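[1] Would you be able to build a 3D model of this:
(chains A and B)
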Protein chains: 2
Amino acid sequence: MVTVSDKLKRSASHNIISPKGYKAAGIHCGLKHKKKDLALLVSEVPANVAGVFTTNVIKAAPILLSKDVVQNTGKMQAIIVNSGNANACTGSQGADDAYTMQKLTAEKLGIAQDLVGICSTGVIGELMPMDIVKAGIEKIEVGSQLEDALDFSQAILTTDTATKHTAYNLKIDGKEVIIAGVAKGSGMIKPNMATMLAYITTDANISHETLQALLADTTEKTFNAITVDGDTSTNDTVLVLANGLAGNNELTPNHPDWNVFTEAFKAACEDLSKMIAKDGEGATKLIEVNVTGAKTDVEALQIAKTVVGSSLVKTAVFGCDANWGRIICAVGYSGMTVDPETIKIHIGEIPVVEFGEPILFLNDQLTEYLKENEVKIAVDMGIGDGKGTAWGCDLTYDYVQINATYRS
Amino acid sequence: MVTVSDKLKRSASHNIISPKGYKAAGIHCGLKHKKKDLALLVSEVPANVAGVFTTNVIKAAPILLSKDVVQNTGKMQAIIVNSGNANACTGSQGADDAYTMQKLTAEKLGIAQDLVGICSTGVIGELMPMDIVKAGIEKIEVGSQLEDALDFSQAILTTDTATKHTAYNLKIDGKEVIIAGVAKGSGMIKPNMATMLAYITTDANISHETLQALLADTTEKTFNAITVDGDTSTNDTVLVLANGLAGNNELTPNHPDWNVFTEAFKAACEDLSKMIAKDGEGATKLIEVNVTGAKTDVEALQIAKTVVGSSLVKTAVFGCDANWGRIICAVGYSGMTVDPETIKIHIGEIPVVEFGEPILFLNDQLTEYLKENEVKIAVDMGIGDGKGTAWGCDLTYDYVQINATYRS
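    From the prediction side, this is the model:
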């Protein structure tokens, strides 16, 4: 878990276009029945970019193009996003369609095509209705009002029940720097990315290479530490744009304010990750699993992910059932180093297992705790110093309902 | 998948005590409110035994004792099973209680303690109410009527909705040999064992070592190829007793009837596996995933397990939604060798993906097919000769209901 220093406070008054030089828009173009389904984010100048993408071997067509921009151009000036259709498993026609979306956006904005990122989310395996998308790209116009930022955050959603954004403002070299992020979930979320899209903007001056390394490191402990249903999507993308308009000296690990920046960056990623987990399909509760005393940090994170991903733990939390046996069972099949006799487990503040054996606890007290909308489970492995945190949500009737009828 | 020759027909008239020399019983002792919860199986003479057990590091107390009988004694004459309490995560008291159950059963039957197998299934982490269990062991009396076999198969159940049994009779050296099996599921079922118990009896003459090797090999493609919810239990056990009373010459891979025996044995294991998958918690349908053309058999099986274990595939099947995109997505994150451009997918007999691209199909026809209570998905990877089959079930409202309120 990221420990945020006292100085760092989330800013409620900033959003994805608050960093200098960004504009956004979100409109309804017709991929969905009524809701907004096309979003555009633009930076005044080409921004240094970092990106992480799904680990699924089956990658959606837009992923390949955006990855190319991140890896080969190293800069990005605009991101076009549609929801409602994932443009995944759509063969060569899908690749052509993604290319066309990127090209039309570049032409509209009068910028080079290899400065345009492209993301799609929605149903897999259906061809993109390109007439609708073309008309949408013609119509969409970015702006710099709060409303434009909100429109963007709405237009990227699929089954999400709420928009997800966060922002921090900080001083680097005495200059104001803003880091802001927006994301969508909410099914197919599991370790190693998910049907999640996240966009982070900043006006900080930081190179493509430094930003990419920071993002890769941070992703492991934030976006890759959440799970909703164990499915890894074909379309997951996190993109970070840094356009340097804040005017600070270039940020590197040697910069005196490096820690200030990275702390805020990690906090923004953690905020969005928790929001995605909490808004998992059908979820009523955020579940946070903190593992300590594991052999290594990597093992701790894996154990935390296994527990938070267990269908039986998730349904027990939904039912407010203090069935800690399912927690220790999941620890046992995590594949990591486990000594059954040294495990301690707390649910909230209440100890339930000590040295592998059950502790007498007040069941009513635990049931009350489990009614809260954020449930914390702590597992002390009693072996080493490794620690890690993962987030997920409960498994509910609504998850089944949403996914049994997704296309109907 | 096991291919059963035409000669081999499942026998509807045989059961777990049809092989010579076996008796069984099942009674209500009080661990559950009303249903039967204590079962006993006894062979007239010590039988050669084979066993496979959960891979979960957290193993229930009875597992350790039964494993010891299989590995050190190599023979077993009785199996005592209780449902309602798993005696898992119960520390040293749990170990003492399991030992006591084994000892009381041995004393009652007048046999050596190290000839008694012991299994428990039910809630994890609650101490066994030993006064109830002791009274139950005093009371239970095995018999050789059909009713006794049915009582046994009922008393081992937890959330199962039906008993599960199969039987084959064959000729070995011209003598009649019977192989019969009984099992329970039905949650916490996933590759590498589950909260599943299976018992197979035979009167064949086969050594402990040969039987153990045959069981280990067969388990990979049957009991380890089913998944319900991705959780691996602390209590899984398969035990096979072979008491030799059929009087055939010892079965080894060199015996002329070896194939007859192993085919029937594998068919019995596959029958029970499919019954467990079909009766997964809350399930309405059996899902069978056949993977061909994979790099190796091992990779094919892993891909099949990944697809059948996907929550999104499972909910789509429940909703009769031909969302094949979720199938190819699961193939993509299986971690196995995948070439997106060579994949072909059939749902039932209907092709939906060819060479990685969608095929136009009649959605209504597929929706009709998905309403059947057995759904087959075929994935041809187009890479090599590897093939494998896995079984699972749909994910339904009832799964959530059962598991959110299991202890209430």
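
[2] which stretches of the stretch 1-150 of chain A have low pLDDT?
    Under the criterion pLDDT under 70, the flagged ranges of the stretch 1-150 of chain A are A:1-7.

[3] I figured A:V308 hits A:D394, correct?
    No: if you go by Cβ atoms under 8 Å, A:V308 and A:D394 don't touch, sitting 10.3 Å apart. Every C-beta, even on glycine, is put in place using the N, C-alpha and C of the backbone.

[4] Tell me which of the two has more neighbours.
    Taking neighbours as other Cβ atoms under 10 Å in any protein chain shown, A:V308 and A:D394 compare with A:V308 leading, 29 against 26.

[5] What are the buried residues along the helix or strand containing A:A300?
    Following DSSP states H and E, one finds A:A300 within helix A:297-309. Residues of helix A:297-309 classed as buried: A:D297, A:E299, A:A300, A:L301, A:Q302, A:I303, A:A304, A:K305, A:T306, A:V307, A:V308, A:G309 (neighbour count, 16 or more other Cβ atoms under 10 Å in any protein chain shown).

[6] Now do A:S18 against chain B, distance only.
    Distance, A:S18 to chain B, using Cβ to the nearest Cβ, to the nearest Å: 35 Å.

[7] Leaving out the residues flanking it, which one is nearest to that residue?
    Using Cβ to Cβ, 6 or more residues apart in numbering or on different chains and skipping the chain neighbours, the partner closest in space to A:S18 is A:I178 (5.1 Å).

[8] for that neighbour, what are its contacts?
    Counting by Cβ atoms under 8 Å, 6 or more residues apart in numbering or on different chains, A:I178 touches A:11, A:14, A:18-20, A:167-170, A:201-203, A:246.

[9] in the sheet, who's paired with it?
    Note on A:I178: beta-bridge partners by DSSP bridges are A:N169.

[10] Find residues that contact each of A:V308 and A:D394.
    Taking Cβ under 8 Å, 6+ apart as the criterion, A:V308 and A:D394 both touch A:I287, A:K314.

[11] one step back: can you give me the pLDDT of the residue nearest to A:S18?
    A:I178 is assigned 96 on the pLDDT scale.

[12] how much space between it and chain B?
    According to Cβ to the nearest Cβ, A:I178 stands 35 Å off from chain B.

[13] likewise A:V338?
    4 Å.

[14] Run through the residues that contact that residue.
    A:V331, A:G332, A:M381, B:V57, B:I58.

[15] which of these has the most neighbours?
    Neighbour counts for the contacts of A:V338 (other Cβ under 10 Å) peak at A:V331, which has 27 neighbours.

[16] wouldn't that one be in contact with A:I303 here?
    Yes: at 5.8 Å, A:V331 and A:I303 qualify as touching, with contact defined as Cβ under 8 Å.

[17] what is in contact with those two at once?
    Common contacts of A:V331 and A:I303 (Cβ under 8 Å, 6+ apart): A:V379, A:M381.

[18] can you map out the strands along chain A?
    Listed in chain order, the strands of chain A (DSSP state E) span A:22-27, A:38-53, A:75-85, A:116-123, A:164-172, A:175-184, A:197-202, A:237-242, A:286-294, A:344-347, A:350-354, A:357-358, A:374-380, A:386-393.

[19] what angle do the fifth one and strand A:175-184 make?
    Compare the direction of strand A:164-172 with that of strand A:175-184 by axes from the mean of the first three to the mean of the last three Cα atoms, to 10 degrees and you get 160 degrees.

[20] Which elements pack onto strand A:164-172?
    Strand A:164-172 sits against helix A:146-155, strand A:175-184, helix A:258-278, with contacts defined as 3 or more Cβ pairs under 8 Å, 6 or more residues apart in numbering or on different chains; DSSP states H and E.
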